[in-house]
Every structure is written in C-alpha cells, then in structure tokens.
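Enquirer: predicted model and sequence follow; I will ask about them next.
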Amino acid sequence: MVKKTVLILLISILPSIIFAEGSLTLDMAVNNFIFRTPDTATEDDYYWAWMTSGAGGFSFESEGNRNVKSELQFSFNYPELAATLGYSLPIVTLDKAYVKARFPLFRITAGKTRLSWGEGFMFNSGDLLFGSTGTSVDLTADELRTETTWLTAVNIPLGRFSFFEAVALTPATALQTDPVSGTVTGISYGNLTEASAGGRIYTKFMDIKTEAGYLYSGGNEDAAHRFYASFQGNLFADWYLTAGTALSAEAEGDEITENLEDNLSISGGIFYMQQISSISTITFRLEGLYSPFGEFGETDWEAGSAAPAYGVYLYPEIVYAPSDTLSISARSVFSPADLSAEITAGVGWNVFEGFTLFAYLLSNAGDGDDTFSWERNRNLTAAAGETYSRIAVSTGISYIY
C-alpha cells in the first residue's frame with residue numbers, strides 16, 4: 001500500500017516538474033552505523049550492532065519570474081530504516097511547499113516553510129515559531145534546525161535595512177487511527193483557538209542588526225504570549241545575542257512574574273573564520289544558552305522522568321578545511337552543571353562534484369545519571385520515546401545531482 005502511494009505521488013507530480021521552468025535537485029545518502037546498544041534479552045549487557053540505512057529526497061525551485069519564487073521539497077526514508085528500528089517511520093515527508101510573491105509595497109509567503117527569527121545556529125532564544133533551545137539535535141547534519149510548518153507571512157519594507165513581518169501559523173491537523181488495527185479512520189482538524197499569530201520588526205542601528213518580536217501561541221491550557229529581542233554585529237568576529245521569555249495566557253497576579261522568570265532564556269554566540277591559505281580555512285563557533293532562574297547544580301534523576309533542564313549549555317564547533325574538497329569537523333553539546341557532553345567528530349571528502357565520502361565518530365561523556373550519559377542505567381530512562389547515543393561510528397556516501 002505504501003509503495004503504491006509513493007508511486008502515485010511521483011507519477012502525479014513528475015509531469016509538472018518536467019515541463020515547469022525551474023531547477024530540480026536530487027540527493028541521496030547511504031549510511032553504515034556501528035553502535036553499542038543494550039541487549040534486550042538481559043538487564044545489563046550491551047553488544048555492538050551494525051545497521052545500514054539510507055535517505056533521499058528532491059527539491060524543485062521555480063525560475064524565470066523575478067517576483068515569484070516557489071519550492072517543493074520531499075524527503076524519503078528507505079524501508080530498511082523502519083524495519084531495523086522496529087517501529088514505523090514515514091516513507092515520504094513533505095518538507096517544504098511554499099510560494100513567495102513580491103509586490104510593490106509588501107511581500108507575502110504562504111505554505112510550509114521556515115522563518116528565521118532571532119540569531120543562532122544551535123541555540124536561539126528568539127526562535128518563537130519552532131523553539132531552538134533543546135539539546136536533542138543531529139550533530140552530523142549540515143543544518144541543526146530544519147523544522148518547518150504551515151504559515152502565512154507578510155513582510156512590509158520600512159527602509160533599506162528595515163522591515164515589519166506579520167505571521168499566522170495554522171493549527172495542526174492530525175489523522176485519527178483505530179487503536180487496535182492502526183488504520184486511518186478520519187481527520188482531526190485543528191481548532192481555531194489553537195492557531196498562533198504575531199510579528200517582528202527588524203532594523204539596523206549603528207551597524208548592529210536589531211530585531212524584536214511577539215507571538216501568541218494558541219492552545220487550550222498551554223496558550224502563551226512569547227517575546228524576544230535580538231542583536232547581531234561584528235567586532236573582529238561575528239557576534240549575536242538574543243533574549244526571550246513567555247507568559248502563560250492563564251497567568252494572574254504573582255504567577256506573571258514567576259512565569260516570565262521560569263521561561264526566560266538568553267542565547268548568544270561568536271563565529272570567526274580565518275583564511276589560512278588560498279585554499280584552506282578554519283572556522284570557530286561558540287554558542288551558549290543561559291536560563292538565569294534554572295538549575296545550576298547537578299540533580300539526581302527520578303526513575304522514568306525526563307532529563308533535568310539545567311541553566312546553562314554550551315555548543316563549541318571547529319571546522320578545518322585544508323582544501324576545497326576536504327573538511328574535518330568537531331562539534332559538541334556540553335552541560336557544565338553535570339560535566340557531561342555529546343561529542344561528534346567527522347571528516348568529509350568531496351571526491352567528485354556532488355559525491356562525498358564521510359565518516360563520523362559519535363560519543364557521550366557522562367555518568368549514568370548525567371544529561372549525556374556514556375552508559376544509561378535502565379532504571380533512569382528518559383521520557384517515553386527518547387533515546388540516548390552512547391558511542392557509534394557512521395560511514396557513508398552522499399550524492400547530490
């Protein structure tokens with residue numbers, strides 16, 4: 001059934017892509033993972049597992065009209081991935097489907113896409129639309145934050161470096177399934193009260209990019225007012241600083257101050273690139289996330305609870321490119337409160353145009369009850385559905401054409 005659905009989808013959109021004026025990009029990746037994992041047959045034993053998986057996708061971008069831009073992007077997971085992990089994964093995912101149009105006085109964006117509010121590669125307290133303060137990311141990815149959603153945005157220029165942007169986010173629509181058979185029985189449409197809307201203003205003051213924004217995130221009990229302010233400039237290196245907080249729509253009296261304090265976070269970072277020779281460069285990035293009213297001392301986990309949210313996290317990154325075709329990188333997410341870290345080191349070799357060989361070493365450094373544990377105690381598991389990397393080696397090939 002899934003294969004037929006994919007085939008019908010491809011057949012239906014292929015003529016439009018072939019005869020439309022635009023550019024088509026296809027990419028695929030094949031991975032081999034060797035990793036240490038718990039033995040489900042015993043309580044404490046671990047073994048080394050080997051898993052082969054892959055993914056692919058294509059993106060079509062329109063061309064020929066300077067006032068209109070559109071993009072359609074799908075991604076595919078090979079069935080072997082779902083079979084190996086033992087649970088269902090989507091075979092086809094619609095990542096982007098949007099249209100941008102430029103009018104004399106304003107610009108409009110509609111569809112499934114991503115808007116970048118605030119500043120930050122790993123941590124961004126100003127990302128009110130998607131949230132970029134969590135530590136669960138794929139450190140081997142080119143982009144760490146890629147989530148998209150259905151939205152409509154209007155951008156009104158206020159000057160050469162200034163604009164106002166208003167956005168409305170559609171409430172989520174979900175499929176209703178039979179709990180026994182798993183078959184789809186209907187569609188659950190999002191309630192209008194669960195929609196989100198807001199805006200931001202962006203300007204430049206004394207060579208410092210400044211922006212501030214507000215978003216009302218709809219919902220029933222979790223509706224909230226969200227705010228942020230962000231600054232970005234250059235002083236020997238690119239620097240950026242963002243602060244954001246949220247206030248529950250139900251908060252009253254003393255709850256208002258407590259709510260604002262609990263949700264306050266400040267993110268910032270510096271980025272520096274050094275040209276070593278005509279073909280070699282080295283780049284440094286350091287970002288941090290600081291919650292003034294968070295936990296700064298190590299806390300013990302309770303059985304079955306989620307990992308504690310500490311008041312500070314760091315993200316260091318170094319990328320060395322000795323040539324145009326070779327790059328060596330190291331990334332980490334570090335928790336100073338419990339002195340644990342997730343570490344990824346990798347190398348990529350662009351052998352031919354679009355064809356890259358890569359290898360990564362992924363490991364955690366931390367005790368059994370730390371945020372990034374080397375060997376998690378089974379009685380200190382995280383919330384349902386969460387998994388933790390311990391040590392793994394990934395090698396593979398990616399091809400873009």
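Expert: Yep, it's here.
Enquirer: the spatially most central residue of the chain: what's it in contact with?
Expert: A centroid search over the chain (CA atoms, centre = their mean) returns residue 145, at 2.2 Å, as the residue closest to the centre. Residue 145 makes contact with 121, 122, 124, 127, 130, 132, 137 under the criterion CB atoms under 8 Å, 6 or more residues apart in numbering. C-betas here are computed from N, CA, C, even on glycine.
Enquirer: for the second one, which non-adjacent residue is closest in space?
Expert: Nearest residue to residue 122 in three dimensions, chain neighbours excluded: residue 315, at 4.1 Å (CB to CB, 6 or more residues apart in numbering).
Enquirer: one more: the fifth one?
Expert: In space, residue 130 comes closest to residue 147 once its chain neighbours are excluded; the distance is 4.7 Å by CB to CB, 6+ apart.
Enquirer: wait, a helix at that neighbour?
Expert: No: for residue 147, which was evaluated using DSSP: H, G, I helix; E, B strand; the rest coil, the result is coil, with no helix membership.
Enquirer: okay, it: pLDDT?
Expert: According to the model's per-residue confidence, residue 147 sits at a pLDDT of 92.
Enquirer: ok, the one 3 residues further on next?
Expert: Residue 150 carries a pLDDT value of 94.
Enquirer: that one contacts residue 168, doesn't it?
Expert: No: the pair residue 150 and residue 168 does not pass the contact test of CB atoms under 8 Å, sitting 9.8 Å apart.
Enquirer: that older thread, can you pick the most crowded of the contacts of residue 145?
Expert: Neighbours here mean other CB atoms under 10 Å. Within the contacts of residue 145, the largest count is held by residue 124, at 28 neighbours.
Enquirer: just grab the bridge partners of that residue for me.
Expert: residue 132 (DSSP bridges).
Enquirer: list the contacts of it.
Expert: With contacts defined as CB under 8 Å, 6+ apart, the neighbours of residue 124 are 117, 118, 132, 133, 145, 242, 267.
Enquirer: against residue 130, how distant is the fifth one?
Expert: Remark: distance between residue 145 and residue 130 (CB to CB, to the nearest Å) = 7 Å.
Enquirer: and the last one, by the same measure?
Expert: Taken as CB to CB, the spacing of residue 267 relative to residue 130 amounts to 14 Å.
Enquirer: same check, this time on the first one
Expert: Relative to residue 130, residue 117 is positioned 9 Å away (CB to CB).
Enquirer: okay, and residue 59 sits in which element?
Expert: strand 46-62 (DSSP states H and E).
Enquirer: pull up the pairing partners for that strand, direction included.
Expert: Strand 46-62 has the following strand partners under DSSP bridges: strand 22-38 (antiparallel), strand 68-77 (antiparallel).
Enquirer: list the buried ones in the last one?
Expert: With burial defined by 16 or more other CB atoms under 10 Å, the residues of strand 68-77 counted as buried are 69, 70, 71, 72, 73, 74, 75, 76, 77.
Enquirer: quick check, nearest of these to residue 375?
Expert: Comparing the buried residues of strand 68-77 against residue 375 with CB to CB places residue 77 closest, at 28.6 Å.
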